[in-house]
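Sharing a model that was predicted from the sequence below.
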Amino acid sequence: MPIQSKTDRNQVQFSSFEERINNDNPVRFIDAFVDKLEMTKLGFISQTFKTEGRPTFEHSLYLKLYLYGYLNGLRSSRKLERDCVRNVEVFWLLCGQQPNYHSIADFRKDNPKALKNTFKLFVLFLKECELIGGRTVAIDGTKVRASNSKKNNYNQKKIDRHLAYIEEKTTEYLKQLEENDKQNTGLDVKHVQAKIERLAGAKIKYETLEKQLSTTDEPQVSTTDTDARALLVQGQVVEVSYNLQAAVDEQHKLVVATHTLNR
């Protein structure tokens, strides 16, 4: 049976990246859409171009990369950085420019409102193109686990339980020290005192969390992912998570709105 022949890697070829991107490739739409936007009117932070060091990339470049990542499920700035080097579509979209992951992450962090405005504008664009009917919109949600563990999520009941335990153990250790003073039982006093100091430090931590709860209207506090809350996921299963809501138009099943809640 004949075998497909390989192309010699050292063979010189005359071609361009334009030839490698099909005319109906969605990446061409991203390029054309972003080029028509007025970035400052959407709220993107004005750029200050550097006179020394490496030149600054345009905001439109980061937006194209962000939209490409959104379309292809690439949320990590490090993954987007790698795709700038190895992905033919991204190489074409950015014209060979390769921003680093830190700059990509900063763009996303510094322009949250402008990105929301861009998505709203895109939905209006779809409506003008009659791709959104607007008659029937289905809304559904799902729980997305947060970076915060259950251990680092607290409510008043949990804090009271910890404080009660600390009070109980502290009283127990103090009694041991008192008994040792009376009967000289050979107790390792330094070891017990170290335990008492650790409990005192933990008590300060829980009292601080209690104060934080009392000064806010929130029934919970998460120490790692501060916006996350313990939510009922399924049946009796509780996870520290977010409630992601999405609205989808009936006509072409396009997502017209999303909203993330912590309740």
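Sure, I can see it. Numbering: from 1, shown residues only.

can you tell me how far Leu94 sits from Val12?
In this view, Leu94 and Val12 are 25 Å apart by Cβ to Cβ, to the nearest Å. Bear in mind the C-beta positions are built from the backbone N, C-alpha and C, glycine included.

okay, the two: which has more neighbours?
Taking neighbours as other Cβ atoms under 10 Å, Leu94 and Val12 compare with Leu94 leading, 21 against 5.

Now do the buried residues in the helix or strand encompassing Ser103.
Under the criterion DSSP states H and E, the helix or strand holding Ser103 is helix 101-110. Burial within helix 101-110, assessed by neighbour count using 16 or more other Cβ atoms under 10 Å, is assigned to 104, 107-108.

mind listing the helices in the stretch 101-250 of the chain by residue range?
Ranges of helices in the stretch 101-250 of the chain, per DSSP state H, counting those that start in this stretch, are 101-110, 112-128, 156-183, 189-214.

so where's the stretch 101-250 of the chain shaky on pLDDT?
Judged against pLDDT under 70, the low-scoring parts of the stretch 101-250 of the chain cover residues 185-186.

still on that earlier bit, keeping just the C-alphas, turn the helix holding Ser103 into PDB.
What follows is the C-alpha trace of helix 101-110 in PDB, where atoms were taken according to Å, rounded to 0.1, in the frame of the first residue of the first chain:
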ATOM      1  CA  TYR A 101       1.100  36.400  30.000                       C
ATOM      2  CA  HIS A 102       1.600  39.200  32.600                       C
ATOM      3  CA  SER A 103       0.500  41.900  30.100                       C
ATOM      4  CA  ILE A 104      -2.400  39.800  28.900                       C
ATOM      5  CA  ALA A 105      -3.600  39.300  32.500                       C
ATOM      6  CA  ASP A 106      -3.200  43.100  33.300                       C
ATOM      7  CA  PHE A 107      -5.300  44.000  30.300                       C
ATOM      8  CA  ARG A 108      -8.100  41.800  31.600                       C
ATOM      9  CA  LYS A 109      -7.700  43.100  35.100                       C
ATOM     10  CA  ASP A 110      -7.600  46.800  34.200                       C
END
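
ok, Trp92 - contacts?
Neighbouring residues of Trp92 by Cβ atoms under 8 Å, 6 or more residues apart in numbering: 17-18, 20-21, 27.

actually Asn111, not the one I wrote
Contact criterion Cβ under 8 Å, 6+ apart gives 43-45, 59 as the residues in contact with Asn111.
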